[in-house]
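S.K.: dropping a prediction and its sequence here:
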Amino acid sequence: MFSKRSRYGIRAILHIALHTDEENLVGTTALAQKTGINEPILSKVLQELTKKKMIASKKGRNGGFYMSTVQKSQKLIEVIKELDQSDKLINDCMLGQKSDRTCDTCPYSNDVATIRAELKAIYGTDTIVETAKKLNYKLVNRK
């Protein structure tokens, strides 16, 4: 459903939201190990997220990445929009049809409208840090 870049960005942001602040940073190497993302690819994703001000970074010997309280309070849907650079997940035809007329006559149109409303609710309700906490809780309780 999401591009690989988006999935990596979401995983990185959720980890950063849960484990960092302006005092406690995480470096690319450590984050790559924790998230299981290839370091060179992760580096590019982190650079993009920093440019878009979704995360922050500090340079230097003790540098790394972190999220401010304001950044952590963003909704997950905003991260998805930034990473995919559009609302494709929410607005485009699920079958990849280009014409609006095709969607108007599509037998799945009503079902897709319901799914879109659910996706907006799911990704637009919790903040990044709330989502990260929920995921961490579920992962801890799986053991």
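M.R.: Perfect, thanks for sending it.
S.K.: endpoints of stretch 59-72, how far apart?
M.R.: Length of stretch 59-72, first residue to last, C-alpha to C-alpha, to the nearest Å: 21 Å.
S.K.: so what touches it?
M.R.: Contact with stretch 59-72 is made by 13, 16-17, 20-22, 24-28, 30-31, 46, 50, 53-58, 127-129, as judged by C-beta atoms under 8 Å, 6 or more residues apart in numbering. Bear in mind the C-beta positions are built from the backbone N, C-alpha and C, glycine included.
S.K.: surely residue 10 touches residue 16?
M.R.: No: taking C-beta atoms under 8 Å as the definition, residue 10 is not a contact partner of residue 16, at 10.8 Å.
S.K.: those two: which is more packed in?
M.R.: residue 16 (29 against 19; other C-beta atoms under 10 Å).
S.K.: that one and residue 120: what is the separation?
M.R.: Between residue 16 and residue 120 the computed distance is 24 Å (C-beta to C-beta, to the nearest Å).
S.K.: what does residue 33 give?
M.R.: Residue 33 is 34 Å from residue 120, by C-beta to C-beta.
S.K.: between the two, which one's more packed in?
M.R.: Comparing residue 33 with residue 120 by other C-beta under 10 Å, the one with more neighbours is residue 120, at 14 against 11.
S.K.: in three-state terms, label the more buried one for me.
M.R.: helix (DSSP: H, G, I helix; E, B strand; the rest coil).
S.K.: my read: it touches residue 80, true?
M.R.: No: the pair residue 120 / residue 80 is not scored as a contact, 10.6 Å apart, by C-beta under 8 Å.
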